[in-house]
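Trainee: Here's my sequence, what's the structure:
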Amino acid sequence: MRMKRSFSLFMALLLAVLIAACQNAGAAEDASGQETSTAVAEQAGAAGTGSADMESTDTEPTSAAESEEAVSIEGKQTGAAEGNGKLLVAYFSWADNAALAEDVDAVASPSVIPPGNVQQLAGWVQEETGGDLFSIRVTEPYPSGWDECLSRANEERGSGARPELVENVEDMEQYDTVFLGYPNWWYGVPMALLSFLEQNDLTGKQVYLFCSHGTGGLANSVELITEAAPDAVISDDIFDCYEEEAASSREEIQSWVRELGFGRSDDREMNAQTRRISVQFGENMVIYELNDGTAADSLYEQLPLTVEAEDYSTNEKIFYPPQALDTSDSPLAQAGAGTLAYYEPWGDVVFFYGSYNGNSSLFELGQAVSGGELVGEMTGTITMEAVE
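Mentor: Numbers count the residues shown, from 1 in each chain. Presented below is the predicted three-dimensional model:
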């Protein structure tokens, strides 16, 4: 009986100790969780405050949710745009924004006579890129006299005006890239350009600038644009020309566009030169890109083909085309696995899936760009077709 009491007392003490330990652990866990949450909130608040300072000094995030939103916006500055790859060419031109008087002096005010300087540059950018063209227009046109136009522009600049626009871009979200053209007015930009930037969200979009100017060059225009669209990704590769040279700058601005990688003419030329063929066997398919040699031309002209593939050695599959290939102007094969070749003495087309020794009679037709790892499994009937 005494043993039972002792045992009961011991169990009660043990239970009390365990309960106290659990309570202490829970309190420590709560405190740790609270410290972690506070640290995260402070870090988010600090990052959010930095983003808010960059956009405006008037407001600061007042909650963790607002801080996270600010951090998200800041992150978009260096992230990819979320559109569908479309391109917009937006521009402001005096010629599109002036009430032309019948007696306007085409010599004194040449850029007001359509097509104006920037209007013409924008047209050439659109021609080269294939993008959508958008003219930034104000509801109250500017005078057609240069001095009068400059006077109004100076008043708008001094008052920080934001001229009312006829319209905004209907669906800016669809664009990933924006080419933005403008003239240098008063060592800056027309205030209507700032209206456009503030009313159309360019967050995360890649922006390329082109400008027509006098002796002032770009002046403060890039800084003003950056301030008006702080979340856009504005390239420092800028096209600019003197206003008197704008009318003869077609090749220069289109060359600039091509160097940026947006030349539609380059794409058309590349597509015209790129030929791909598919080789299907069973459920497998290998895609080859042909070169521009005469042997590749000869094979391409015989497609589609249904032939029997044969094993040869331990590194190649072969077949015999119906007609011999013209090797008069074709490169020699020397690229290794994935090569599509033609061995002239035997008249067979070769699919290499391992290394090989080149020779003066082995000509390259192309290279595998997809499914090359499947060539070793090729057997039996294969079908070769041009890939449109």
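
Trainee: Determine how far the last residue of stretch 170-189 lies from the first.
Mentor: End-to-end distance for stretch 170-189, by CA to CA, to the nearest Å: 23 Å.

Trainee: And that stretch, how far out from the chain middle?
Mentor: Counting by CA atoms, centre = their mean, to the nearest Å, stretch 170-189 is centred 17 Å from the centre of its parent chain.

Trainee: any weak-confidence spans in the chain?
Mentor: Judged by pLDDT under 70, the chain has its weakly predicted residues at 1-84, 100-115, 264-273.

Trainee: Domain-wise, how is it divided?
Mentor: 35-46+62-76, 86-268, 274-387 (automatic domain parsing).

Trainee: what are the ranges of the helices in the stretch 251-388 of the chain?
Mentor: 264-273, 294-301 (DSSP state H, counting those that start in this stretch).

Trainee: For Met172, grab the count of nearby residues.
Mentor: Here the count is done by other CB atoms under 10 Å, and Met172 has 18 residues near it. Yep, even glycine has a C-beta here, placed from its N, CA and C like the rest.

Trainee: Give me the phi and psi for it.
Mentor: Backbone torsions of Met172, given as degrees, to the nearest 10, read phi -70, psi -30.

Trainee: That one reaches Leu202, doesn't it?
Mentor: Yes: counting by CB atoms under 8 Å, Met172 does reach Leu202; the two are 7.4 Å apart.

Trainee: For the nearest residue to Thr215 once chain neighbours are set aside, list the residues it contacts.
Mentor: Distance criterion CB to CB, 6 or more residues apart in numbering; nearest residue to Thr215, sequence neighbours excluded, is Tyr242 at 8.0 Å. Residues in contact with Tyr242 (CB atoms under 8 Å, 6 or more residues apart in numbering) are Ser212, His213, Gly214, Thr215.

Trainee: Please list only the buried members of those.
Mentor: Judged by neighbour count, with 16 or more other CB atoms under 10 Å as the criterion, the buried members of the contacts of Tyr242 are Ser212, His213.

Trainee: how much space is there between Met285 and Ala90?
Mentor: 43 Å (CB to CB, to the nearest Å).

Trainee: Same check on Ser313?
Mentor: On the measure of CB to CB, Ser313 and Ala90 end up 60 Å apart.

Trainee: Counting neighbours, go ahead and name the busier of these two.
Mentor: Counted by other CB under 10 Å, Ser313 and Ala90 do not tie: Ala90 has more neighbours, with 25 against 11.

Trainee: what residues does the host helix or strand of Gln120 touch?
Mentor: Counting by DSSP states H and E, the element that carries Gln120 is helix 117-129. The contact list for helix 117-129, computed with CB under 8 Å, 6+ apart, reads 87, 89-96, 110-111, 115, 131-133, 135, 179, 181-183, 210-212, 239, 241, 243, 246-247, 249-250, 253-254, 257-258, 262-265.

Trainee: now do stretch 208-228
Mentor: So stretch 208-228 is in contact with 111, 117-118, 121-122, 125, 177-184, 187-189, 193-194, 197-198, 207, 232, 234-235, 237-243, 246, 253, 256, 260, going by CB under 8 Å, 6+ apart.

Trainee: Next, the buried residues of stretch 156-173.
Mentor: Applying 16+ other CB under 10 Å to stretch 156-173 flags Glu156, Arg157, Arg162, Pro163, Leu165, Val169, Met172 as buried.

Trainee: you'd agree the fourth one is up against Ser195?
Mentor: This points to Pro163. Yes: Pro163 is in contact with Ser195 according to CB under 8 Å; the separation is 5.6 Å.

Trainee: Give me the neighbour count for Gly293.
Mentor: The burial count for Gly293: 22, using other CB under 10 Å.

Trainee: The closest residue to it other than its chain neighbours and Pro183, how far apart?
Mentor: Closest residue to Gly293 apart from its sequence neighbours, by CB to CB, 6+ apart: Ser330 at 3.4 Å. Separation of Ser330 from Pro183 (CB to CB) stands at 53 Å.

Trainee: again, but for Gly145
Mentor: Distance from Gly145 to Pro183, by CB to CB: 16 Å.

Trainee: Compare these two (neighbour count), which wins?
Mentor: A count of neighbours by other CB under 10 Å puts Pro183 above the other of Gly145 and Pro183, at 24 against 17.

Trainee: Provide a list of residues in contact with the more buried one.
Mentor: If you count contacts by CB under 8 Å, 6+ apart, then Pro183 has Phe92, Ser93, Trp94, Ser111, Asn117, Val118, Pro190, Cys211, Ser212, His213, Glu243 around it.

Trainee: Let me know whether Thr383 touches Gln280 as I believe.
Mentor: Yes: between Thr383 and Gln280 there is a contact under CB under 8 Å: 4.8 Å.
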